[in-house]
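Colleague: predicted model and sequence follow; I will ask about them next.
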Amino acid sequence: MSLVVGVDGWKSGWIGVVIDCGEVSLRYDSSLAGFVTDFSTADALVVDVPIGLPVKGRRLADKEARNFVGPRASSVFTTPPLGPLLASSYQAALRLCRDQYGYGLSSQSYALKDKILEADALAPAAPTVLEGHPEVSFAALKGSRLGYPKRAWNGQMERRRLLAQAGIDLPDELPQDVGRAPVDDVLDAAVMAWTARRVALGEAQSLPEPPEQIGSRQVAI
């Protein structure tokens with residue numbers, strides 16, 4: 001049986017759902033590096049953060065992910081190039097993105113810059129660390145697009161039910177360091193673990209297929 005990990009970031013750090021020989025557990029770490037180090041023997045670690053930044057234009061992965069999730073397309077942010085992420089403020093990053101790359105930048109994307117940069121630095125030396133997107137994975141798990149947003153009651157209940165049907169049962173009460181996290185972040189980490197398990201079993205598909213070549217990297221969700 002495989003060891004796989006799904007990871008999602010939130011404002012206080014990172015949440016991980018670990019599946020080890022079929023047993024599900026939850027972990028918290030202040031850094032993604034902590035998960036990469038602690039689970040260096042994992043068959044796959046899938047994280048909800050862009051890995052592989054565009055040099056120009058937009059990533060095919062983001063475009064195809066939006067098409068895949070349909071009504072949940074707004075959940076797929078455009079991944080910015082490195083330059084805007086290094087800007088000192090959101091307004092500066094937005095101007096740089098518009099002037100040099102011809103498109104805007106959401107405040108949500110800029111707010112994730114530290115997590116994006118951490119993942120971007122870690123991934124080249126950790127080939128089992130892969131990018132996922134929760135809304136893409138939930139749609140794949142359901143076999144159709146989801147009808148409710150992840151913060152809505154109906155959306156959260158549907159996502160938890162889908163995970164349970166896939167053998168990922170989340171307890172009603174979580175450890176304190178994870179239990180204070182928003183519900184949607186816990187669910188997102190869990191479906192990243194579902195995707196990691198599919199990677200380990202050779203069942204996962206990527207967007208795009210084959211991955212896009214950006215510099216020396218194969219980039220895909």
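Modeller: Great, that's in hand.
Colleague: R159: what secondary structure?
Modeller: Under DSSP: H, G, I helix; E, B strand; the rest coil, R159 falls in the helix class.
Colleague: ok, the residue lying closest to it once chain neighbours are set aside - contacts?
Modeller: Once flanking residues are discounted, R159 sits nearest to L187: 4.8 Å by Cβ to Cβ, 6 or more residues apart in numbering. Glycine gets a C-beta too; all of them are placed from N, C-alpha and C. Listed by Cβ atoms under 8 Å, 6 or more residues apart in numbering, the contact set of L187 reads P134, K150, Q156, R159, R160, L163, L170.
Colleague: which of these fall within helices?
Modeller: Residues of those located in helices (DSSP state H): P134, Q156, R159, R160, L163.
Colleague: residues touching the nearest residue in space to V5 that is not next to it in sequence, list them.
Modeller: With Cβ to Cβ, 6+ apart as the criterion, V5 has its nearest non-adjacent residue at 4.4 Å, and that residue is L45. Shown in contact with L45 (Cβ under 8 Å, 6+ apart): V4, V5, G6, V7, F35, V36, F39, A126, T128, V129, L130, A196.
Colleague: again with E173
Modeller: The contact partners of E173, by Cβ under 8 Å, 6+ apart, come to G179.
Colleague: am I right that V18 sits in a strand?
Modeller: Yes - counting by three-state DSSP, V18 falls inside a strand.
Colleague: what about it, distance to A190?
Modeller: Remark: distance between V18 and A190 (Cβ to Cβ, to the nearest Å) = 10 Å.
Colleague: how about R197?
Modeller: 11 Å.
Colleague: more crowded one of these two?
Modeller: A190 (29 against 25; other Cβ atoms under 10 Å).
Colleague: so the more buried one sits against D169, correct?
Modeller: No - with contacts counted by Cβ atoms under 8 Å, A190 stays clear of D169, the gap being 9.5 Å.
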